[in-house]
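Peer 1: mind looking at a prediction? Sequence and model below.
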Amino acid sequence: MAGEPGPGRNDEQRLADSLRAGDVIALTEVYDTYAPFLYDYCHGLLRDRVEAAGALRNVVIAAREHVDRLTEPDRLRGWLYAIARKECMRRRDSPNRHIGQEAPEADDGLTSEQLARREERRLLAHSALAALSGRQREAIDLSVRHELDEVDVCGVFGIPLEETLALVEKAREDLAAALRAALIAQNHWKNCPSVAALTESWPLTPQTSASLVRHVASCPVCEAQETPALPPDRVLSVLPIAAIPAELRLDVLTAATAEDRAGNRRAIAAWTEPFDEYGWPLPYEPTAPRARDKAPRRRGPVLAAVAVAVGMAVLCVGAWSWLHSGSGGTNAAATGPAVPGDSGSPGDSRVPEATPTDPSPTVTSPSPTESKSPSKSPSPSKTPSKTPTTQAPAPPTTRAPDPPKPGNLRVSGCDMERERSCLIKIAAVDGPVNWRVTDTDGPVRAGGSGRLDAGESRMVRVSRADGFCLGTQTGSVTFSPGGSVSVSYIC
């Protein structure tokens, strides 16, 4: 952080060379040197201590697996931040992301009076930083608090150096303007009614801070106010630093070196790929939507076109049959959709529709390749006639069967012990069940949905969450219907 001397370029090259040689002691030194700062950076991006711990573990593993790619070993530190950012972006894109447990602030031993003064300066810093964009705040954080130069920031963001220089310069300019506006709001708000109206609450929100900067730039009264020039490092030095868990060291180093976790390390290393020609990871790109996820958006127009085409064909065939058939003849093509039990004419190749038995109100769209009538439900068969009649058709003689009564879902928990996952058994009792996983609580992950017929069962896999783990962990998985079931494992 700002004010704390970091390792020099010579130390970075020495550590990189030792990592390439497979030196486990060097891996420990890398953790002790960089882990506190990388953890704080990851926590700032993820805002969750569990996710930050998991990200740091994956950074150390990926660094050991890919250090041979780095063509400039004296930039090991910036390279580690680039891996950390890619891992954090990947985690932010995950639907199973853990949220809501921010890490405690690192204790720096200040007195109560010093803490009060720092809190006042911290509110000022938050109000000024609120006027910046997310990319600007991250660039300021990397260059000021984490003391990376523009070349390292360029590699972290994966953008050209010219763009990086412009980004950092503009971020510093905007921070200076926002800081001056915040100082005016803090100390001279009585001199300008507009400033007093804008700053009723403190710290300022992003919208209020941006409005305040625009007002100060165009207000003669505010322009005449004198404010002290505070350098960015003094402003950002009061921001909280996430405290890295002391027990995380053993977990990370074990995951990075244990022989029985080689498969996990290969998978984690693959997440960091691809790399550029200098060995720096390319920015994270979200995974393209799967084809089955896109299908519902494409099938609508296709099915509509197929339905129209089939309808036109039925009308044309029906008209032709009416013109050419005898007075007492019948034609399968003129009768409309086939009904269950009706085999149709000898030359009819259409597949008869089956009576739906699913009690669910959702209607599944037919495949575009099926040669069916666009009708969604079977209708009673009628004898075709060439002349219209006003007589109402006779009501069906048989009543449609009642839909099956929905059943209950029986759920059985599982115990992973020291494994990475276990299987929860679910079964449909007294009828069919449409089930789904609605929620998870604690350090476990699970998902899925489907339909079970009466008496049918299946297994749902639940796995332990990424992150630091110590002792026995307990979580739960909630199903609908069926309630909640507990899951535990031993770290």
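Peer 2: That came in fine, so what should we check first? Owing to the predicted nature of the structure, the values given are computational and were not obtained by experimental measurement.

Peer 1: for Asn408, phi and psi?
Peer 2: Main-chain torsions, Asn408, degrees, to the nearest 10: phi -110, psi 160.

Peer 1: thought it was touching Gly482?
Peer 2: Yes. Counting by C-beta atoms under 8 Å, Asn408 touches Gly482, with 7.3 Å between them. Backbone N, C-alpha and C define where each C-beta goes, glycine included.

Peer 1: okay, those two: which has more neighbours?
Peer 2: Using other C-beta atoms under 10 Å, the more surrounded residue of Asn408 and Gly482 is Gly482, with 21 against 12.

Peer 1: and what about the nearest residue to the more buried one once chain neighbours are set aside, helix, strand or coil?
Peer 2: Nearest residue to Gly482 in three dimensions, chain neighbours excluded: Leu409, at 3.5 Å (C-beta to C-beta, 6 or more residues apart in numbering). Following DSSP: H, G, I helix; E, B strand; the rest coil, the label given to Leu409 is strand.

Peer 1: return the residues in contact with Leu409.
Peer 2: Counting by C-beta atoms under 8 Å, 6 or more residues apart in numbering, Leu409 touches Ile426, Ala427, Ala428, Val429, Val433, Trp435, Leu452, Phe479, Pro481, Gly482.

Peer 1: if we use 7 Å, what do you get?
Peer 2: Counting by C-beta atoms under 7 Å, 6 or more residues apart in numbering, Leu409 makes contact with Ile426, Ala428, Val433, Trp435, Phe479, Pro481, Gly482.

Peer 1: for those, work out which two are farthest apart.
Peer 2: Farthest apart among the contacts of Leu409 by C-beta to C-beta are Ala428 and Phe479. That separation is 11.8 Å.

Peer 1: show me the strands in the protein, by range?
Peer 2: 408-412, 414-417, 421-429, 433-441, 444-445, 449-452, 457-464, 472-480, 483-490 (DSSP state E).

Peer 1: got the domain boundaries for this protein?
Peer 2: Listed domain ranges for the chain are 1-106+244-287, 108-239, 291-335, 408-490 (source: automatic domain parsing).

Peer 1: need those in CSV with mean pLDDT, can you?
Peer 2: Listed next are those as CSV, based on pLDDT from 0 to 100:
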stretch, mean pLDDT
domain 1-106+244-287, 91
domain 108-239, 91
domain 291-335, 45
domain 408-490, 81
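
Peer 1: and the closest residue in space to Glu273 that isn't next to it in sequence, how many neighbours?
Peer 2: Nearest non-adjacent residue to Glu273, counting by C-beta to C-beta, 6+ apart: Pro281, 7.4 Å away. Neighbours of Pro281 under the rule other C-beta under 10 Å: 24.

Peer 1: what sits against Pro281?
Peer 2: If you count contacts by C-beta under 7 Å, 6+ apart, Pro281 has them with Ala82, Ile83, Lys86, Thr272, Phe275.

Peer 1: kindly recompute the last result at 10 Å.
Peer 2: Residues near Pro281 by C-beta atoms under 10 Å, 6 or more residues apart in numbering: 62, 66, 69, 79, 82-87, 155-156, 158, 271-275.

Peer 1: just the buried ones from these, in PyMOL syntax?
Peer 2: Selection command for PyMOL covering only the buried members of the contacts of Pro281, criterion 16 or more other C-beta atoms under 10 Å:
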select buried, resi 62+66+69+79+82+83+84+85+86+87+155+156+158+271+272+275
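
Peer 1: thought Ile268 was touching Ala255, still the case?
Peer 2: Yes. Using C-beta atoms under 10 Å, Ala255 is in contact with Ile268, at 8.6 Å.

Peer 1: of those two, which one has the most company?
Peer 2: Using other C-beta under 10 Å, the more surrounded residue of Ala255 and Ile268 is Ile268, with 22 against 17.

Peer 1: next up, the contacts around that one.
Peer 2: 54, 57-62, 65, 87, 255-256, 261, 466.

Peer 1: next, count neighbours for Leu230.
Peer 2: Residues contacting Leu230 under the criterion other C-beta under 10 Å number 17.

Peer 1: what does the one 10 residues further on give?
Peer 2: If you count neighbours by other C-beta under 10 Å, Pro240 ends up with 15.

Peer 1: and Ile244, how far is that from Pro443?
Peer 2: Per C-beta to C-beta, to the nearest Å, Ile244 is found 19 Å from Pro443.

Peer 1: please apply the same query to Asp74.
Peer 2: Distance from Asp74 to Pro443, counting by C-beta to C-beta: 39 Å.

Peer 1: which one of the contacts of Leu409 sits closest to Arg14?
Peer 2: Phe479 (54.0 Å).

Peer 1: in contact with that closest one, which residues?
Peer 2: 409-411, 424, 426, 433, 435-439, 446, 448-449, 460, 485.

Peer 1: ditto for Arg117
Peer 2: By C-beta under 10 Å, 6+ apart, Arg117 lies in contact with Leu110, Thr111, Val238.

Peer 1: isn't the last one up against Ala116?
Peer 2: The one in question is Val238. No. Checked against C-beta under 10 Å, the pair Val238 and Ala116 is beyond contact range at 12.0 Å.

Peer 1: which one's more surrounded, those two?
Peer 2: Ranked by neighbour count (other C-beta under 10 Å), Val238 and Ala116 place Val238 first, with 16 against 10.

Peer 1: can you pull the buried residues of stretch 141-158?
Peer 2: Residues of stretch 141-158 classed as buried: 141-148, 150, 152-158 (neighbour count, 16+ other C-beta under 10 Å).

Peer 1: then stretch 412-419?
Peer 2: For stretch 412-419, by 16+ other C-beta under 10 Å, it's Cys414, Met416.

Peer 1: what's the neighbour count on the closest residue to Phe157 other than its chain neighbours?
Peer 2: Among residues not flanking Phe157 along the chain, Thr164 sits closest, at 6.5 Å (C-beta to C-beta, 6+ apart). Thr164 is flanked by 22 other residues according to other C-beta under 10 Å.

Peer 1: cool, and the one 5 residues further on?
Peer 2: The burial metric for Glu169, expressed as a neighbour count using other C-beta under 10 Å, is 12.

Peer 1: touching, it and Glu150? I think so.
Peer 2: Yes. Counting by C-beta under 10 Å, Glu169 does reach Glu150; the two are 9.3 Å apart.

Peer 1: between the strands of the chain, which gets nearest to Ser94?
Peer 2: Minimum separation from Ser94 across these (C-beta to C-beta) falls at strand 444-445, 9.7 Å.

Peer 1: shared neighbours, Glu169 and Glu150?
Peer 2: Taking C-beta under 10 Å, 6+ apart as the contact rule, Glu169 and Glu150 both touch Ala139.

Peer 1: identify the contacts common to Asn408 and Gly482.
Peer 2: Residues touching both Asn408 and Gly482 by C-beta under 10 Å, 6+ apart: Ala427, Ala428, Val429, Val433.

Peer 1: contact partners for Gly22?
Peer 2: Listed by C-beta under 10 Å, 6+ apart, the contact set of Gly22 reads Arg64, Val67.

Peer 1: please tell me how far it sits from Thr254.
Peer 2: Taking C-beta to C-beta, one finds Gly22 at 17 Å from Thr254.

Peer 1: now swap in Ala178 and tell me
Peer 2: Taken as C-beta to C-beta, the span from Ala178 to Thr254 is 44 Å.

Peer 1: neighbour count winner among the two?
Peer 2: More neighbours surround Ala178 than the other of Ala178 and Thr254, with 24 against 11 (other C-beta under 10 Å).
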